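J.: Model the following, please.
(chains A and B)
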Amino acid sequence: MSFVPGLGLAKGMALTLWRFFQPKVTNLYPEVPADIPPKFRGRLQLLYDEYGTLKCETCFQCAQACPIECIDMGGVDTKGRFAVHWGAPETYGERREESALRRSGRTVPDPVYGHFHEIDLDAVDAILDEVDHDPREMLRILGAVQDAYGFVPVAALKRISQTTGAWYAMLYGTATFYDHLAVGAPETSGVGAAPASDVAFLGALDRALSGHGSDASESRANG
Amino acid sequence: MAILSRTFDRLTLPGKIVFTVVPLLLVLGAALTAAVVVAGPVVLSFLGDNLPLVRFVVAATIVLLMTIPTAFLIIYMEMKVIALMNLRYGPDRVGPYGSLLSVVHGLKVLAKEDFTPTGVDPIVFTWAPVVVYMASVMTLLVLPFAPGLFGQDLNIGLLYFFAMGGLGVVGLLMAGWSSFNKYSLLGGLRSAAQVVSYEIPLTLSVVGVVLLSGSLSLNQITLDQSGSFLDWYVFRQPLAFVIFFIAATAEANRTPFDLTEADSEIVAGFATEYSGMRFGFFFFAEYVNVFIVAGLTVALFFGGWNAPLAWPAAWAITPHADLAGMGIGLLLALAIIPPAVIVALGMPFYLLNSQVKLWQALIIGFVLFNVVAVGALLGFAFLSFDWVVGLIWFLGKTYLFVFTFVWMRGTLPRVRIDQLMGFAWKWLLPASLLNLFVTALAIVVVESIR
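T.: Here you go, the predicted model:
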């Protein structure tokens, strides 16, 4: 817009001169301690005891208290009997050590962390509509979901938690407590299945090797 | 002899120092007194006979020594001012407000290894920083700092100035060529192209001032601008000032024309292969150049050491101190006044604050006395000596322009090399020719009307 030569220069110079007199934003750290919000907990860190064992007991209290639900974890219970987990199955580790690795900020190179298949949640929605999203009808909901899918998918648990307002931790505990409910059947949750690109690649490889192997890729994808 | 050595061995360490230093000082003092008495008149008459030579040597030494604190000050100023413009605090650890950080930088550079890479031309490589630095310092020799305070009042001062400014390029080119590094060579060639191109509008813009003043001597040009600030040449040659300022920025290799260094493009250009004090000399020369260019701008266009408004003659106070007339009273005053003032300044702290101990109060008093004494001395000098006033005005104006250079560095991005050359040849050169033409025409017309 401006046709005055040097106006841009003058504007820039005026800006820096104005900055020269503005208050400064540097934190004078050693002299002035940083102003930390009272709820700040610092970096989440898993500690090891003197025997090199993780101090985490997989009690999920931290995950339950986390206001933004950023904590995922998986592990075995204290007696080493059951695999327990918290969070979406594509994000938790099955072993504590890997879980600790995840929380240390590094990714864990393990095929079990592949993406799980999205399931059709229309049945869950219908069940929820039927009970009017009432969390007090939780056992009925879970039983209906078990009947509809043959197991209780993690995605369904998440949907129930979102729409009824029940805590995911409570829901998870309820679903895993009852014998007639089976949470997250591994063969259908897709944990460990090869990604679609790999399937396509292997199928193409098979076809190229055998000449007519479209069946092979189908079976691989199903398996 | 044995007794003497045994007695000496039995002394404590302070005793040993005292009994070594005091006789040494006595002997040296006696020898010096004898030398002054015997050879003093001869030496004095010899120096008096060669007064211009002595003056030159003294001036060159002072100018050479002056560059070091100047460079330190400008480096600190650059760090601090750019930091403040970036909403940072900048250096604040060493010294008050970090003011000694540039000194620490200087010491660091001194302590670094003076490394000569394989494949360089060692002689040219070694002499390039010297040439650059000496060119800067020699330019400083003709700058008039105050009435009567200049290295040499050459009648071709301005010509000498630009010649020495051109010599600096030779040093940069030497550094670039001898470094055995293509980036350095690029930097050196860039600097040669840039400085030679901008030398022309720089010189041509000044010719207008030279026509008005009728002299090439910087001292004479400054004298011609005495009076009020309306007599400054910036009001008679505004276009020349703009051209000169832009071209001088390019001459000093400052942002936005710092293509010779261009850290982000050719990794500091000609200075890539340099380390230690050789690099330090380049660094120093750059900041001395900033001072020089600012000083030249002030001398040519902003009245040099002239005050903007003349001090009313009725207010002029010349303190009259007849020190010789006080006789023995002077000695008594020197002995009594400092302790008395120290106690007088320190006592209020001791009496009004029970936390402060007597010795602490005395230290406070001593510091305050020094402040007061230095202030009084400076005030006395300001009132008594013409050149102190001139020096303060000159340095004030010069550092205002140094601040402007730093300010520009904090604001403007670097230009491209083709923009740089195109601007010099297509805009600055015609503009300076036009300015020269108009000035000459105006002078002819005014002369003919008279």
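J.: Okay, and the residue with the shortest distance to the centre of chain B sits in which element?
T.: Nearest to the geometric centre of chain B sits B:Thr70, at 4.2 Å (C-alpha atoms, centre = their mean). Using DSSP states H and E, B:Thr70 sits within helix B:51-85.
J.: Show me which residues of chain A sit near chain B.
T.: Residues of chain A lying close to chain B (C-beta under 8 Å from any C-beta of the partner chain) are A:9, A:12-13, A:15-17, A:19-20, A:22-26, A:28. Heads up, the C-betas are built off the backbone N, CA and C, glycines and all.
J.: buried subset of those residues?
T.: Buried members of these, counted by 16 or more other C-beta atoms under 10 Å in any protein chain shown: A:Met13, A:Thr16, A:Phe20.
J.: Can you tell me what sits against the strand or helix carrying B:Glu447?
T.: In the assignment (DSSP H and E), B:Glu447 maps to helix B:429-449. Taking contacts as C-beta atoms under 8 Å, 6 or more residues apart in numbering or on different chains, the residues outside helix B:429-449 that touch it are B:Ile200, B:Pro201, B:Leu204, B:Ser205, B:Val207, B:Gly208, B:Leu211, B:Leu212, B:Gln237, B:Leu239, B:Ala240, B:Ile243.
J.: and with 6 Å instead?
T.: Here helix B:429-449 makes contact (C-beta atoms under 6 Å, 6 or more residues apart in numbering or on different chains) with B:Pro201, B:Leu204, B:Ser205, B:Val207, B:Gly208, B:Leu211, B:Leu239, B:Ala240, B:Ile243.
J.: same check, this time on stretch A:7-18
T.: Outside stretch A:7-18, the residues touching it (C-beta under 6 Å, 6+ apart) are B:Met85, B:Gly410, B:Thr411.
J.: anything in the helix or strand hosting the second one near chain A?
T.: When elements are assigned from DSSP H and E, B:Gly410 belongs to helix B:386-411. Yes - with C-beta under 6 Å from any C-beta of the partner chain as the measure, helix B:386-411 is seen reaching chain A through B:Gly410, B:Thr411.
J.: Check which residues of that helix are buried.
T.: B:388-395, B:397-399, B:401-403, B:405-411.
J.: Quick one: work out the angle between it and helix B:51-85.
T.: Interaxial angle, helix B:386-411 versus helix B:51-85 (axes from the mean of the first three to the mean of the last three C-alpha atoms, to 10 degrees): 40 degrees.
J.: Pull the distance from helix B:386-411 to the chain's centre.
T.: Computed by C-alpha atoms, centre = their mean, to the nearest Å, the separation of helix B:386-411 from the middle of its chain amounts to 11 Å.
J.: which helices and strands does that helix pack with?
T.: Contacts of helix B:386-411 with other secondary structure elements, assessed using 3 or more C-beta pairs under 6 Å, 6 or more residues apart in numbering or on different chains; DSSP states H and E, are made with helix A:7-21, helix B:51-85, helix B:276-301, helix B:358-384.
J.: how far is the third one from where the chain is centred?
T.: The one in question is helix B:276-301. 8 Å.
J.: Also the longest one?
T.: On the basis of C-alpha atoms, centre = their mean, the separation between the geometric centre of helix B:51-85 and that of its chain is 3 Å.
J.: So among the contacts of helix B:429-449, which ones count as buried?
T.: B:Pro201, B:Leu204, B:Ser205, B:Val207, B:Gly208, B:Leu239, B:Ala240, B:Ile243.
J.: ok, and the fourth one, which helix or strand is that part of?
T.: I take that to be B:Val207. Secondary-structure assignment from DSSP H and E places B:Val207 in helix B:182-213.
J.: buried residues in that helix?
T.: Buried residues in helix B:182-213, defined by neighbour count with 16+ other C-beta under 10 Å: B:183-195, B:197-210, B:212-213.
J.: Mind checking the pLDDT average for the helix holding B:Thr70?
T.: Rounded to a whole number, the mean pLDDT of helix B:51-85 is 88.
J.: Which pLDDT value does the model give the closest residue in space to B:Lys80 that isn't next to it in sequence?
T.: Using C-beta to C-beta, 6 or more residues apart in numbering or on different chains and skipping the chain neighbours, the partner closest in space to B:Lys80 is B:Gly90 (4.5 Å). Residue-level confidence at B:Gly90 comes out at 86, pLDDT.
J.: try B:Ser191
T.: B:Ser191 is given a pLDDT of 82.
J.: where's it relative to A:Phe20, distance?
T.: 30 Å (C-beta to C-beta, to the nearest Å).
J.: The residue lying closest to A:Ala144 once chain neighbours are set aside: neighbour count?
T.: Here the nearest residue to A:Ala144 in space, its sequence neighbours aside, is A:Ile127; by C-beta to C-beta, 6+ apart that works out to 4.4 Å. Look at A:Ile127: counted by other C-beta atoms under 10 Å in any protein chain shown, it has 20 neighbours.
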